[in-house]
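> How does the following fold in three dimensions:
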Amino acid sequence: MPAEVSKRSEVSSADRALIDQFLERAWSELGLADNTLASYRRDLEAFSRWLAAPAQASGLAVCGRELLYRYLSARSQKGGVSGRGYSARSNARLLSALRHFYRALQRDGAIAEDPTLLIDAPRLPRGLPKALAESEIEALLKAPAETPLGLRDRAMLELMYATGLRVSELVGLRSDQVNLRQGVLRVTGKGGKERLVPIGAEAQHWLVRYVGESRMGLLKGARVDALFVTARRSGMTRQMFWNLVKKYALTAGIAGKRISPHGLRHSFATHLLNHGADLRALQMLLGHSSLSTTQIYTLVAKEGLKRLHAQHHPRG
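Here you go, the predicted model:
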């Protein structure tokens, strides 16, 4: 079993230079999002630390396929690299980072052969997105109180359900990206791609109330670009919004389900399909680069129809 390497171990200067150079090019040439770049850095640095251990005594530029196999195997087993087994999805993300990294090294002539070439990605379970029922969404949206912070939270919940934004897109919204008169948002999504998303009358109503009645009072004269702000006069974070969603789920009495901001995005997509939305239009609204990513929501809609049939049809 490969030896575990402490997270406190330093990445070698040679490996750090390779990682920094790769991430800089990935940002400029591929337009990868900051979250993706941060994830790639964590994965590459963890692999570098494992390679530097005495059992391997290697580095990123001289790593062969055998060492890569050993690392992936160790990550999948309890007691391995982290003391716990990583999921297939986590290993697939790691392999994606390594493939991009080693292809870049090979193009630059830094290595003769890409060690990831003959390694297959782990098979991922096809899980269905977890969507809330429409009645649960209604209860969740009505949970915030009529206070300055409550108005902000209601506007955020309404907007996320009305638009299907990713949570990073929601908390990253700037005031100049919102056109309340026309009822649209200009969103910068993954890969720096922009899209226009309609807000909808109900979300527009709560946004107008938040901007007109609450936002300036929370800022107390401070100038902040972020649309959604805190009482500390700064922009909201993903973690803050995650905690708000969980809090309001409890207030709304939604029990037995793991509620998350991403669940609101899933609910947006599923409910649109249930009410007859076109799959191509849904793809544009969600900001998916591939239609195959959007098609998983058709499975969710079919599962819902099966349950309705079984529940209400006399021969169900």
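> C-alpha only now, for contacts and for neighbours.
OK.
> Skip the chain neighbours and tell me the closest residue to Ala145.
Leu151 (7.3 Å; C-alpha to C-alpha, 6 or more residues apart in numbering).
> tell me which helix or strand of the protein sits lowest on mean pLDDT?
Lowest by mean pLDDT, DSSP states H and E among the helices and strands of the chain is helix 291-312, with a mean of 56.
> about what we covered before: the residue nearest to Ala145 and Pro144 touch, don't they?
Yes: between Leu151 and Pro144 there is a contact under C-alpha atoms under 8 Å: 7.2 Å.
> Tell me how many other residues crowd Thr36.
17 (other C-alpha atoms under 10 Å).
> sec struct for it, please.
helix (DSSP: H, G, I helix; E, B strand; the rest coil).
> now do Leu250
helix.
> Could you give the number of residues near it?
14.
> quick one on the thing from earlier: separation between the residue nearest to Ala145 and Asp120?
Plainly put, Leu151 is 49 Å away from Asp120 if you go by C-alpha to C-alpha, to the nearest Å.
> In terms of neighbours, single out the busier of these two.
Neighbours were counted for Leu151 and for Asp120 using other C-alpha under 10 Å; Leu151 has more, 21 against 9.
> so that one is in which element?
helix 148-163 (DSSP states H and E).
> Next: Ala145.
Counting by DSSP H and E, Ala145 is found in no helix or strand.
> Would you agree it is in contact with Arg152?
No: Ala145 is not in contact with Arg152 according to C-alpha under 8 Å; the separation is 9.9 Å.
> higher neighbour count, the two?
Neighbours per residue (other C-alpha under 10 Å) separate Ala145 from Arg152, with Arg152 holding more: 27 against 12.
> which residues touch the spatially closest residue to the more buried one that is not a sequence neighbour?
Of all residues not flanking Arg152 in the chain, Tyr210 sits nearest, at 5.5 Å (C-alpha to C-alpha, 6+ apart). When contacts are counted by C-alpha atoms under 8 Å, 6 or more residues apart in numbering, Tyr210 touches Pro148, Leu151, Arg152, Ala155.
> Ala203 now?
Contacts of Ala203 (C-alpha under 8 Å, 6+ apart): Ala155, Glu158, Leu159, Ala162.
> The first one reaches Val211, doesn't it?
No: here Ala155 lies out of contact with Val211, judged by C-alpha under 8 Å, at a distance of 9.3 Å.
> higher neighbour count, those two?
Per other C-alpha under 10 Å, whichever of Ala155 and Val211 has more neighbours is Ala155, with 24 against 18.
> element containing Leu68?
helix 65-76.
> just checking, next helix/strand downstream of that helix?
helix 88-107.
> Fine by me, thanks again.
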